[in-house]
Each structure stands twice: as C-alpha cells, then as structure tokens.
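Engineer: what follows is a predicted structure for the sequence shown.
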Amino acid sequence: MTSQGKKARLQEKKKALEAQKKRRRWFIFGGIGILASGLLVYSLTRPEPEELAATEVFADLGGGHLEEGDPMPAYNSSPATSGPHLPSPASCGIYIEELDDVLLVHNLEHGTIVVQYQPEIPAADLTALQNFARTTGTHILIAPRADLPAPVVITAWTRMLKMDSLDLDTLQVFYDRWARIGPEMGVQCQFQIDQA
C-alpha cells in the first residue's frame, strides 16, 4: 500500500473515532439531561405524604425586591408564602424576636423552611423545635410570632402547614419535601444565628 493510501486510511480511521466520540458524548449528556428532567418532574408531581395532607397551597405572587419607600405588599396568606420582599434574606437559625414577612419571604424564595410559633407554646416543644433546627443545619429558620393562626406554622414557598402542637415527625417530612425548593434554588442558607 502506498504512503498516500496509508494516510487516507488513517484519516478515515481518525474521522470514524471522532464521530464515535461525538455520538458517545451526545448519548451521555442526553441521558443525563433525560434523567435530570425525570427527577425534576417526579419531585414536583409525586404524591404528597400523608403527614402533609393538611398543607395549604397559595397562588404564587412572584418575587421581586422592594425598594425603599415601596408600600407593604398585600400578601395572600398570613404568614406570607410568596410575593415581593426585602433585597436581603435573614440568616438561617433560631431567633427570639419576631421577623417581618417582607424579610422571611426572601428566605422562602431560596428554599428555606420557616417555622414560626406562638410565644405561649410549651417550653418542651420550643426546646425540641430549637434542637431540630440545630441538628438540621441548613435551610431552616425558627422565630416566634404572636398573631399566628395556629400554635406552630411551617411555611415554604407557596405552602403552609398549621399545627395545633409541635409534631417533629411531620416537620421532618415537610422539611424533607420542601427544603431547598423555591424560585431561587441553590442559594445556601447555613445555620448561623442561635439567639436561644
């Protein structure tokens, strides 16, 4: 075989290998894309666990940052579960003073679970709630609120679950289902504040 024939054969082999690599990459990335899409669809459409049957879902009021001097938004739930909010969220952790909806909604947008409680809840429940937050470590914020519709209220973006008394198992299920899910997913919120 002539040297030109060998060159042509090597070039054909090289082209075939390149085409094979390209097909393999498309196959791998396509498979990853299909898998990721499937997981996202499943996570958004899977049936709710029995513990979350009483969860209320509210219309999404969108987000957006409030400017200084803007009027207070008219939220469609109390506590608020979506809508315009302050430009900076609160740090995750445990607070002993009430925090405003315009602040907490930003946390919800980042996928933080906000647990608010009436100040009169039993001391043992408050201690258990605080310990839950400390061991969870991320995307959780605990704060008192006097005007709650129930002794304990858990919120996520567009979702609210009212509890007549603290139920840590239900709280864990709610957290597992909705933590890190919101319009701005991927923003970290490490446990940083512990005022208790």
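Structural biologist: Happy to help now that I have it.

Engineer: who does the residue nearest to residue 95 when sequence neighbours are not counted bridge with?
Structural biologist: Of all residues not flanking residue 95 in the chain, residue 143 sits nearest, at 4.1 Å (C-beta to C-beta, 6 or more residues apart in numbering). In short, each C-beta sits where N, CA and C put it, glycine included. Per DSSP bridges, the residues bridged to residue 143 are residue 116.

Engineer: thought residue 114 was touching residue 143, still the case?
Structural biologist: Yes. Residue 143 lies in contact with residue 114 (C-beta atoms under 8 Å); the separation is 7.3 Å.

Engineer: which of the two has more residues huddled nearby?
Structural biologist: Shown here are residue 143 and residue 114; by other C-beta atoms under 10 Å, residue 114 has more neighbours (26 against 21).

Engineer: which ones are touching the residue nearest to residue 95?
Structural biologist: Taking C-beta atoms under 8 Å, 6 or more residues apart in numbering as the criterion, residue 143 is in contact with 94-99, 104, 114-117.

Engineer: can you lay out those residues as a markdown table showing secondary structure, pLDDT and distance to residue 28?
Structural biologist: Shown next, in a markdown table, are the contacts of residue 143 (DSSP: H, G, I helix; E, B strand; the rest coil; pLDDT from 0 to 100; distance: C-beta to C-beta, whole Å):
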| residue | secondary structure | pLDDT | distance to residue 28 |
| --- | --- | --- | --- |
| 94 | strand | 98 | 44 |
| 95 | coil | 98 | 46 |
| 96 | coil | 97 | 51 |
| 97 | coil | 97 | 51 |
| 98 | coil | 98 | 51 |
| 99 | coil | 98 | 46 |
| 104 | helix | 97 | 41 |
| 114 | strand | 98 | 39 |
| 115 | strand | 98 | 41 |
| 116 | strand | 98 | 46 |
| 117 | strand | 98 | 48 |
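
Engineer: mind checking which of those residues are buried?
Structural biologist: For the contacts of residue 143, a burial check counting by 16 or more other C-beta atoms under 10 Å picks out 94-95, 99, 104, 114-117.

Engineer: residue 173 versus residue 37, what's the distance?
Structural biologist: Using C-beta to C-beta, to the nearest Å, residue 37 is found at 25 Å from residue 173.

Engineer: scratch that, residue 112 is what I was asking about
Structural biologist: From residue 112 across to residue 173, the span is 17 Å (C-beta to C-beta).

Engineer: more neighbours, these two?
Structural biologist: Of the pair residue 112 and residue 173, residue 112 is the one with more neighbours under other C-beta under 10 Å, namely 25 against 18.

Engineer: separation between the more buried one and residue 184?
Structural biologist: When distance is defined by C-beta to C-beta, residue 112 is 10 Å away from residue 184.

Engineer: isn't residue 170 up against residue 162?
Structural biologist: No. With contacts counted by C-beta under 8 Å, residue 170 stays clear of residue 162, the gap being 10.9 Å.

Engineer: neighbour-wise, which of those two wins?
Structural biologist: Neighbour comparison, residue 170 and residue 162: the larger count goes to residue 170, with 19 against 15 (by other C-beta under 10 Å).
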